[in-house]
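Colleague: sequence? don't have it. structure:
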């Protein structure tokens, strides 16, 4: 007989396919978005520098061009997902009061979605010429 | 029903104040602080994307970005972004189990710190030149 008292294997449990339906997703998503953030940040900073000193109409035209708009949308999506996980870890580390922690985690979700969608709206408005 | 919330009088593991400050430890804290700052920095990014939609809004944004406080915030934002990005690469290297030896880890954090300052200065040099020497 196995020494493992659980029916499920340790691998199955760590994969998180049990009743909780969660395991190491946050750890993994933080790393996937971190990898995506590197080229996206380099691209976003490069685009930003080329826009310096231009007037509003020129900046709007360049940011609204399909390739630039898609890069910026990917950048916003990746960083806001990364932000939400990172801030959740900070909250869980330092906020010990259960009610306050819950409120902070909900506020974190709201903040990251609002900032992400606002930025995405701004980019899409330029790209679609609204 | 019995109160399930037992008083937490258990011994705690030693925390930061018991250790001698080390560069790797400090850089771990700085990584978290820069991430925290960048979180709120995205408000500026969202504002910028919205402001580009019209000349009046863009004028307000560029006025703020050109003010001394705006410049200071953007300089800090640039450094935090580059530092957090290089720190992230360092952590990804460490995640593979590489670079954790006593000399490598010190070398990596030093490269992280020096690299972030140098890259920030280069980016601002290019940026100020792009603005036509009138910062």
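Modeller: Structure's in. What do you need? Note that the structure is predicted; figures quoted are calculated from it, not measured.
Colleague: can you tell me the helix or strand for the residue lying closest to residue A:122 once chain neighbours are set aside?
Modeller: Closest residue in space to residue A:122, ignoring its immediate chain neighbours: residue B:49 at 3.0 Å, by CB to CB, 6 or more residues apart in numbering or on different chains. All C-beta spots, glycine's among them, are computed from the backbone N, C-alpha and C. Under the criterion DSSP states H and E, the helix or strand holding residue B:49 is helix B:23-51.
Colleague: The helix or strand just after that helix and chain A, any residue contact?
Modeller: Taking DSSP H and E as the definition, the helix or strand that follows helix B:23-51 towards the C-terminus is helix B:55-66. Yes - with CB under 8 Å from any CB of the partner chain as the threshold, helix B:55-66 lies in contact with chain A, specifically through B:55, B:58-59.
Colleague: Of all the residues in helix B:55-66, which ones are buried?
Modeller: When neighbours are counted by 16 or more other CB atoms under 10 Å in any protein chain shown, the buried residues of helix B:55-66 are found to be B:57-58, B:61-62, B:64-65.
Colleague: quick one on the thing from earlier: the residue nearest to residue A:122 - how many residues pack around it?
Modeller: The local packing count at residue B:49 equals 22, with neighbours defined by other CB atoms under 10 Å in any protein chain shown.
Colleague: Ok, residue A:113 next?
Modeller: By the criterion of other CB under 10 Å, residue A:113 has 12 neighbours.
Colleague: In stretch A:85-94, which residues are buried?
Modeller: A:85-88, A:90-91.
Colleague: So which of these sit within helices?
Modeller: Using DSSP state H, the members of the buried residues of stretch A:85-94 that fall within helices are A:85-88, A:90-91.
Colleague: near chain B, from those?
Modeller: When CB under 8 Å from any CB is taken as the criterion, the members of those that contact chain B are A:86-87, A:90.
Colleague: in chain B, what spans have low per-residue confidence?
Modeller: B:1-8, B:133-135 (pLDDT under 70).
Colleague: And the residue of it closest to chain A?
Modeller: Of all residues in chain B, residue B:49 sits closest to chain A, at 3.0 Å by CB to the nearest CB.
Colleague: Spit out the contact partners of that residue.
Modeller: A:63, A:72, A:118-119, A:121-123, A:126 (CB atoms under 8 Å, 6 or more residues apart in numbering or on different chains).
Colleague: how far is stretch B:27-44 from where the chain is centred?
Modeller: On the basis of CA atoms, centre = their mean, to the nearest Å, stretch B:27-44 is displaced by 4 Å from the centre of the chain it belongs to.
Colleague: cool, and stretch B:62-72?
Modeller: Distance, centroid of stretch B:62-72 to centroid of chain: 19 Å (CA atoms, centre = their mean).
Colleague: Stretch A:33-43: which residues count as buried?
Modeller: Those buried within stretch A:33-43 under the rule 16+ other CB under 10 Å are A:33-34, A:36-37, A:40-41, A:43.
Colleague: Where do the helices of chain A begin and end?
Modeller: According to DSSP H, the helices that chain A contains are A:10-15, A:25-51, A:56-63, A:66-94, A:98-128.
Colleague: got a markdown table for those helices, with mean pLDDT too?
Modeller: As requested, the helices of chain A are exported to a markdown table (pLDDT from 0 to 100):
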| stretch | mean pLDDT |
| --- | --- |
| helix A:10-15 | 71 |
| helix A:25-51 | 94 |
| helix A:56-63 | 96 |
| helix A:66-94 | 96 |
| helix A:98-128 | 97 |
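Colleague: could you redo the ones you listed as CSV and give each row distance to residue B:110?
Modeller: Shown next, in CSV, are the helices of chain A (distance: least, CB to CB, whole Å):
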stretch, distance to residue B:110
helix A:10-15, 35
helix A:25-51, 20
helix A:56-63, 37
helix A:66-94, 24
helix A:98-128, 32
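Colleague: Ok, which of those helices comes nearest residue B:131?
Modeller: helix A:25-51 (10.2 Å; CB to CB).
Colleague: Any part of the closest one near chain B?
Modeller: Yes - with CB under 8 Å from any CB as the threshold, helix A:25-51 lies in contact with chain B, specifically through A:31, A:34-35, A:37-38, A:41, A:45, A:49-50.
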